[in-house]
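Visitor: Here is the input, now give the coordinates:
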Amino acid sequence: MGVCCSCLKRLLSGSEVELSDSRSENLMEDSVPQVHSIDIDMSAPTIQTSIDSSDELNGHGLALADVNVEQDRAYWEWRVKMNGETASTSYPMFGVSNKRNPKFYQILAESAVPPHKHGTKFMVAVPNLNDGDVVGVVVKQSEIPMIQLYLNGVIQENLTVSRFRGTVYPSIFLPECTVGSMSAKFLYREDHFAYDGEKYHVDMRQKQESGYN
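Guide: Sure, this is the predicted structure:
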């Protein structure tokens, strides 16, 4: 069982800098804030990041963060922004996705597979989102369901992913809007969370220690 913590700094080891034996260097490493972003190379070509912040995205299609989920439990959030009144033929989706590359999107673009099924097997659609809504994603690899979504701090019992396989990355799918547009911001640091991610992990720990799944 991995360390249970609320922020990706400790849960996503791809972001870790290897620590030396020096205690002073350890303290220095711990004080450096972790910086992650949307990985454009793993995301759909129709996804763009903000000029001011690479953890903010717009456009449409699948987008992956640049760090994989390795520990047993993790939590992150997506803050959704509606740019005017919006309408689309599908809903935004949240969860995780396996590693992608430009060839993946090229092949799918030439197929009959609809865009909302491009790498979204381990993701869940969230309907009726409003401007400013925050979708929280709890990953717990040693329990079922492995992914549980929260909306504005409230658990959504029916929005889960039972299992996933392989190396996965935090991911979001933005639908193509026929009216207006939609964007989102990736929140992965505890001091940036809109809601108390640690609370969800404490609850899960208590269930496990009590013998419940």
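Visitor: Now do the buried residues in the longest strand anywhere in the chain.
Guide: Assignment by DSSP state E gives strand 73-88 as the longest strand of the chain. By 16 or more other C-beta atoms under 10 Å, the buried positions in strand 73-88 come out as 73-80, 82, 86, 88. For glycine as for every other residue, the C-beta is placed from the backbone atoms N, C-alpha and C.
Visitor: Now render those as TSV, adding distance to Ile155.
Guide: Output for those, formatted as TSV (distance: C-beta to C-beta, whole Å):
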residue	distance to Ile155
Arg73	15
Ala74	16
Tyr75	13
Trp76	16
Glu77	14
Trp78	16
Arg79	18
Val80	18
Met82	23
Thr86	25
Ser88	25
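Visitor: In these, find the pair that's most separated.
Guide: Arg73 and Thr86 (32.9 Å; C-beta to C-beta).
Visitor: Do a quick rundown of the strands in the chain.
Guide: In the chain, the strands defined using DSSP E lie at 38-39, 47-49, 56-59, 61-65, 73-88, 93-98, 123-125, 134-140, 147-151, 154-161, 168-174, 177-187.
Visitor: Please convert the ones you listed to CSV, extending it with mean pLDDT and distance to Ala109.
Guide: Below are these laid out as CSV (pLDDT from 0 to 100; distance: least, C-beta to C-beta, whole Å):
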stretch, mean pLDDT, distance to Ala109
strand 38-39, 96, 19
strand 47-49, 95, 14
strand 56-59, 95, 15
strand 61-65, 96, 10
strand 73-88, 92, 19
strand 93-98, 97, 17
strand 123-125, 96, 19
strand 134-140, 96, 27
strand 147-151, 96, 27
strand 154-161, 95, 25
strand 168-174, 97, 15
strand 177-187, 93, 19
